[in-house]
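Peer 1: here is a sequence with its predicted model. Questions after.
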Amino acid sequence: MVTLNLPSYASKVKQEGDRRFIFDSLRRKYVALTPEEWVRQHFVHYLIDHLGYPTALLANEVELQIGAKKLRCDSLLYTQELTPRMIIEYKAPNVALTKRVFDQISDYNLLLKVDYLIVSNGLRHICCKMDYEHHVYSFLEAIPRYENI
């Protein structure tokens, strides 16, 4: 896998036949190792190990439903009251972070109305803070530490 612009961690990878799997500590199981999953696992460990995000408030692959349409958030951070606080969307390192990527995460946010949106391809990370009172958002210089959100 490609080297990311994220701290490395002691990933658990296993091979079964011609397929590789990586351990997801949030889902507590091995999942198929794809380029996007490589980014997700590194980013989640970055949030927990380096920025102080509580493991208990993070979830991967969260299903949402808008009418008959089912969507799946890559990762969510919840508040202590278990309401969604942050949506994180991952792309493979070779996928550019374009307006289309933001449109996808914005669709999720129409339902959830979270405070923060993050997109990452493992090489570039973009974080927005939402301001619903003034109907604007601002791009942050860096991913905030948990105690600062």
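Peer 2: Structure received.
Peer 1: all contacts plus neighbour counts: C-alpha atoms, from now on.
Peer 2: Fine.
Peer 1: packing partners of the lowest-mean-pLDDT helix or strand in the chain?
Peer 2: Across the helices and strands of the chain, mean pLDDT, DSSP states H and E gives its lowest value to helix 99-112, namely a mean of 85. Helices and strands touching helix 99-112, as assessed by 3 or more CA pairs under 8 Å, 6 or more residues apart in numbering; DSSP states H and E, comprise strand 84-90, strand 116-120.
Peer 1: tabulate those strands (TSV), appending mean neighbour count.
Peer 2: Output for the helices and strands packed on helix 99-112, formatted as TSV (neighbours: other CA atoms under 10 Å):
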stretch	mean neighbour count
strand 84-90	22
strand 116-120	23
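Peer 1: in TSV: those, plus mean pLDDT and distance to residue 22.
Peer 2: What follows is the helices and strands packed on helix 99-112, written out as TSV (pLDDT from 0 to 100; distance: least, CA to CA, whole Å):
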stretch	mean pLDDT	distance to residue 22
strand 84-90	96	16
strand 116-120	97	19
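Peer 1: next, count neighbours for residue 58.
Peer 2: Around residue 58 there are 21 other residues, counting by other CA atoms under 10 Å.
Peer 1: ok, back up a step: quick one: the least confident helix or strand of the chain to strand 116-120, angle?
Peer 2: 150 degrees (axes from the mean of the first three to the mean of the last three CA atoms, to 10 degrees).
Peer 1: list the buried residues of the lengthiest helix in the chain.
Peer 2: The longest helix of the chain (DSSP state H) is helix 35-51. For helix 35-51, burial by neighbour count (16 or more other CA atoms under 10 Å) applies to 35-47, 51.
Peer 1: cool, stretch 61-74 as well?
Peer 2: Quick answer for stretch 61-74 (16+ other CA under 10 Å): 73, 74.
Peer 1: what are the contacting residues of that stretch?
Peer 2: Applying CA atoms under 8 Å, 6 or more residues apart in numbering, the contact partners of stretch 61-74 are 40, 60, 75, 76, 87, 88, 89, 90, 108, 111.
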